[in-house]
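Colleague: Got a sequence here, can you model it:
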Amino acid sequence: MRARTLILLALIACSRAFAQAGAYPERPVHLVVPFTPGGNADIVARILAQGLSEELKQSVVVENKPGANAAIGAEYVARAAPDGYLLLFATAETHALNPHLRKALAYDPLKDFASVGVVDNFALSLVVSPKLPAGDLAGFVAYARQYPGKLNFASWGNGSTSQIAFEQIKQATGIDLVHVPFQGAAPAITAVAAGSVEAFVVPLSVARPQASNGRVKLVAVTSARREDSAPEVPTATEQGVPVVISGWHILAAPTGTPPEIVARLNRALNAATARAEIRDKLLKAGVQPVTCTSEETQNMVKAEWQRWGDVARKAGIMPN
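Modeller: Now for the predicted structure:
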C-alpha cells in the first residue's frame, strides 16, 4: 500500500509538472538585453520580442541591464528562477569572452545557462571619424601610422568583441591606437561622429545609417565576403588587412528550466525568425536569422567559448 501511494503521488507530481509546462507562458516573459538601448543587440532583441510575443501568445518585455561588458545582465538572469519567464539575449561577451577576461565572473556560461536557440549572426564593420583625412581602410592605416599612440578607438566595453576585433586590426597593420571603452555601441559611435574618438568596430546594422547620414565613414566590413546589405563596402581582407570576425546572438534561460519549456521556447524562436515580417526586419537590421535546435546551440556556444578565448589571448588581453 505504501509503495502504491508513493507511485500515485509521483504520478500526480508529474501530471502537475506537465500541466504547468503545457500552460506556459501564463504571464509576460521578460527578455534581458545586457547592453544599453539603441545598439545592435537592443535593436534585434526588440524585433525578436515582437515575433516571440506572436508565437507565445503572451507579451515579451525587453529589459536593458547594461554594465561590466554584459556581465551584470547575464548574472541577473543566471540567478533567476528557472521557470522560463526571465531569459537572456546572450552574446559572445556573455558566453564566450567574459569567462576568459574576468577573474571574478559571478556566473559560468556553460553551467548556469540552458541554450534555447541561435537568433542570428551578423557582420562587423570599421567606421572612422568624418574629421579624418581618410576615405578608405588604407588611408586610415596610413594616417594612424603617422601618429602612433596619439589616436583613440572606441568599443562598447572592455573585453567586448568590438575591442578584440580592433586589436586584431592593430596586430595585422602595426598601428597603435588607445582603447576607449563606452557603455554600449550608441554612445561609442556618437563619440566617433563627434571626432573625440577616431575609429570603432561596430555591427554593420549600427554603422550603415550613421554612414548614410555622413556622421561616420564606413571603410570596411570584417566578414569573409562583402555583405548583401552593403555590397559597396569592401572587406578588410580585400584591402590587405586579413581580419575576419563576426558576431552572434542566442536566447538562453537559467539552468534548471524544464526541458518542456526550453523546447517550447526553441519552437517559438525558430517560428518567429521564420515569419516573413520578422525575418525581413532582422535582415534590414543587418543580421542573418539562424535556425537551430537547443543542442546545436549549446555545441556552438562551447565552440565559440574556445575560439574567442584563443582570440583574446592572441590579442594580448589579460583577465582582470
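Colleague: Just give the closest residue to Ala142, not the sequence neighbours.
Modeller: Leaving out its chain neighbours, the residue that sits closest to Ala142 by CB to CB, 6 or more residues apart in numbering is Ala134, at 7.4 Å. C-beta here means a position set from N, CA and C on the backbone, and glycine is covered the same way.
Colleague: quick one, helices of the protein?
Modeller: Here the chain has its helices, by DSSP state H, at 2-23, 40-56, 71-78, 92, 98-101, 137-146, 161-173, 185-194, 204-212, 259-274, 276-284, 294-314.
Colleague: The residue nearest to Ala142 and Ala220, how far apart?
Modeller: Distance, Ala134 to Ala220, using CB to CB, to the nearest Å: 11 Å.
Colleague: Count the neighbours of the nearest residue to Pro28 once chain neighbours are set aside for me.
Modeller: Among residues not flanking Pro28 along the chain, Ser59 sits closest, at 4.1 Å (CB to CB, 6+ apart). Applying other CB atoms under 10 Å, we find 13 residues neighbouring Ser59.
Colleague: need the contact list for Ser59.
Modeller: Each residue near Ser59 by CB atoms under 8 Å, 6 or more residues apart in numbering is listed here: 28-29, 53.
Colleague: For those residues, pick the one with the most neighbours.
Modeller: Highest neighbour count within these: Val29, with 21 neighbours (other CB under 10 Å).
Colleague: what's across from it in the sheet?
Modeller: Counting by DSSP bridges, Val29 is bridged to Val60.
Colleague: for Asn121, same thing?
Modeller: Residues in a beta bridge with Asn121, per DSSP bridges, are Trp248, Gln288.
Colleague: what number of residues lie near it?
Modeller: For Asn121, using other CB under 10 Å, the count is 16.
Colleague: ok, Asn320 touching Leu101?
Modeller: Yes - at 7.1 Å, Asn320 and Leu101 qualify as touching, with contact defined as CB atoms under 8 Å.
Colleague: which neighbours do these two share?
Modeller: Contact criterion CB under 8 Å, 6+ apart; residues shared by Asn320 and Leu101: Asn158.
Colleague: Neighbour count for the two, which is higher?
Modeller: It is Leu101, of Asn320 and Leu101, that has more neighbours when counted by other CB under 10 Å, with 23 against 9.
Colleague: residue contacts, that one?
Modeller: Here Leu101 is in contact with 69, 158-159, 312, 317-320 (criterion: CB under 8 Å, 6+ apart).
Colleague: Low-confidence ranges, the chain, go.
Modeller: Counting by pLDDT under 70, the chain contains low-confidence ranges at 1-22.
Colleague: ok, 50 please
Modeller: 6-11, 14-21 (pLDDT under 50).
Colleague: still on that earlier bit, can you tell which of the helices of the chain is closest to Val118?
Modeller: Closest to Val118 of those, according to CB to CB: helix 294-314, at 5.2 Å.
Colleague: closest to Ala142 among the contacts of Leu101?
Modeller: The closest of these to Ala142 turns out to be Ile317 (CB to CB; 26.1 Å).
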